[in-house]
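[1] Take this sequence and fold it.
(one chain, ligands or ions: 1)
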Amino acid sequence: MTIPQMTVRDLVRENAFQIVMYIVGAVIIGLVWWPLAAIYLAYCILSNVLFMAWVCPYCGHYSLGTCASGFHILSGRRFKAKLGTTFARQFRRNVSWMALGWFLPPIAGIYLLIVDFSWAILVLLSVFCVVAFWLLPESSRKHCEGCETGDCPRRLRVR
Ligand code: SF4
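    Coordinates of the predicted model:
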């Protein structure tokens, strides 16, 4: 069976909510102090690369080339699984530091609202929360439905 190759457009579409979340998050954090926006974006890129290195090699989609996020393409499949661990263990070990990407912008937004309330910041914070905590999980849930990675902790939650 031939597996269709993802294009750059597919990659952007599949990761659109996450890209929007990171950009809006950087804008919010940058309003506290502009260099923090660059640090946040650098952290977001690094955390995704480390996810590809430490979690993706244990997922069946990575080696099959069927990852809906296209992480097998972005990483060039250069990361290899090590013996003695599983996808579920790697996911649990590494998901918490990735969560900072979701929680730093709301912390910065609430701080800004407290010290100098503005409707613009409230709108930015609302957009961030809708994308990060509703649209993105809904999109991930659709990806996970029917996934055959049996020991994935995310799969257990969506069933
Ligand atoms: S489905 Fe998830 S864990 Fe699997 S390769 Fe893609 S991003 Fe990585």
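[2] quick one: low-confidence parts of this structure?
    Counting by pLDDT under 70, the ranges of the chain that qualify are 1-4, 143-159.
[3] The ligand contacts on that one?
    Counting by C-beta under 6 Å from any ligand atom, the residues of the chain lying close to the ligand are 55, 56, 59, 61, 62, 67, 69, 71, 72. In this view, the C-beta of every residue, glycine as well, is placed from N, C-alpha and C.
[4] which one of the residues you listed is nearest residue 123?
    The closest of the residues of the chain next to the ligand to residue 123 turns out to be residue 69 (C-beta to C-beta; 28.0 Å).
[5] Just the strands from the protein, written as ranges.
    Chain-ordered strands for the chain, with DSSP state E as the definition, do not occur.
[6] Longest helix in it, please.
    The helix that spans the most residues within the chain, counting by DSSP state H, is helix 34-54.
[7] Could you export that one as CSV, keeping only the C-alpha atoms?
    The C-alpha coordinates for helix 34-54 follow below in CSV (Å, rounded to 0.1, in the frame of the first residue of the first chain):
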residue,chain,number,x,y,z
TRP,A,34,9.2,42.0,24.4
PRO,A,35,12.3,39.7,24.7
LEU,A,36,10.1,37.1,26.5
ALA,A,37,8.2,36.6,23.2
ALA,A,38,11.3,35.4,21.5
ILE,A,39,12.3,33.2,24.4
TYR,A,40,8.7,31.7,24.5
LEU,A,41,8.8,30.9,20.7
ALA,A,42,12.3,29.4,21.1
TYR,A,43,11.0,27.2,23.9
CYS,A,44,8.0,26.2,21.8
ILE,A,45,10.2,25.1,18.9
LEU,A,46,12.6,23.3,21.3
SER,A,47,9.8,21.5,23.2
ASN,A,48,8.4,20.2,19.9
VAL,A,49,11.8,19.0,18.7
LEU,A,50,12.3,17.2,22.0
PHE,A,51,8.8,15.7,21.8
MET,A,52,9.8,14.3,18.4
ALA,A,53,13.0,12.9,19.9
TRP,A,54,11.7,11.5,23.1
